[in-house]
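>>> Need the 3D shape of this:
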Amino acid sequence: MYDKILVPTDGSAATEGAVEHAIELAKQYDATVHALYVVDTGAYSSLEMGSDIVIEALQEEGNTAVEEVEERGEEAGVDVVTTVETGIAHRVIVDYVAEEGIDLVVMGTHGRTGVGRFLLGSVAEKVVRTADAPVMTVRSGDKEAEADGGPAVDEA
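Alright, predicted model coming up:
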């Protein structure tokens with residue numbers, strides 16, 4: 001059913017549940033996990049001086065984030081392809097889905113609501129609306145899910 005599963009990661013706790021789900025699904029379907037970190041240049045385009053230093057630091061952070069997914073995959077016996085790209089996060093993710101023939105996207109959400117979500121936007125929401133593959137979202141910080149022993153999962 002799934003051959004290629006994409007898990008966008010930013011190395012935060014919000015993506016840990018998504019990584020876990022992606023690896024478990026890959027084990028079940030003998031699939032490859034694609035770990036993608038996007039250095040979101042849109043968020044730093046207004047910096048005039050020092051933007052190169054910030055971008056470089058974020059690329060290093062990205063390398064660390066995808067390497068952690070790769071290590072978790074190795075421990076589980078799952079093949080992991082790692083990629084760090086720059087651009088507008090949701091666009092890079094959607095383009096990656098199309099270019100790599102991804103069968104499923106598993107991504108974490110920060111669980112923001114109301115004004116926080118409105119002001120910051122939602123990469124996950126934009127991917128859900130525009131990707132050509134099914135998207136499973138895993139919420140972090142969900143009190144009800146934590147009480148049940150795990151993160152909340154929504155399939156879109």
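
>>> which stretches of the protein form helices?
For the chain, the helices defined by DSSP state H occupy 16-29, 51-76, 89-100, 114-120, 123-130, 143-147.

>>> would you list these in a markdown table and tack on mean neighbour count, mean pLDDT and distance to residue 37?
Heads up, the C-betas are built off the backbone N, CA and C, glycines and all. Below are these laid out as a markdown table (neighbours: other C-beta atoms under 10 Å; pLDDT from 0 to 100; distance: least, C-beta to C-beta, whole Å):
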| stretch | mean neighbour count | mean pLDDT | distance to residue 37 |
| --- | --- | --- | --- |
| helix 16-29 | 20 | 96 | 12 |
| helix 51-76 | 15 | 93 | 3 |
| helix 89-100 | 18 | 97 | 10 |
| helix 114-120 | 10 | 49 | 18 |
| helix 123-130 | 18 | 92 | 12 |
| helix 143-147 | 11 | 40 | 25 |
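
>>> okay if I get these as CSV plus distance to residue 82?
Output for the helices of the chain, formatted as CSV (distance: least, C-beta to C-beta, whole Å):
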stretch, distance to residue 82
helix 16-29, 12
helix 51-76, 4
helix 89-100, 12
helix 114-120, 26
helix 123-130, 19
helix 143-147, 28
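
>>> Of these, give the one that comes closest to residue 39.
Residue 39 sits nearest to helix 51-76 of all the helices of the chain, at 4.5 Å, using C-beta to C-beta.

>>> Give the other helices and strands that that closest one contacts.
Counting contacts by 3 or more C-beta pairs under 8 Å, 6 or more residues apart in numbering; DSSP states H and E, helix 51-76 packs against helix 16-29, strand 32-40, strand 80-87.

>>> one more time with 10 Å, if that's ok
Contact analysis of helix 51-76 by 3 or more C-beta pairs under 10 Å, 6 or more residues apart in numbering; DSSP states H and E lists strand 4-8, helix 16-29, strand 32-40, strand 80-87 as its packing neighbours.

>>> got the ones you listed as CSV, with distance to residue 57 columns?
Below are these laid out as CSV (distance: least, C-beta to C-beta, whole Å):
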stretch, distance to residue 57
strand 4-8, 19
helix 16-29, 22
strand 32-40, 9
strand 80-87, 12
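
>>> between the ones you listed, which one is nearest to residue 109?
Of all the helices and strands packed on helix 51-76, it is helix 16-29 that lies closest to residue 109, at 8.5 Å by C-beta to C-beta.
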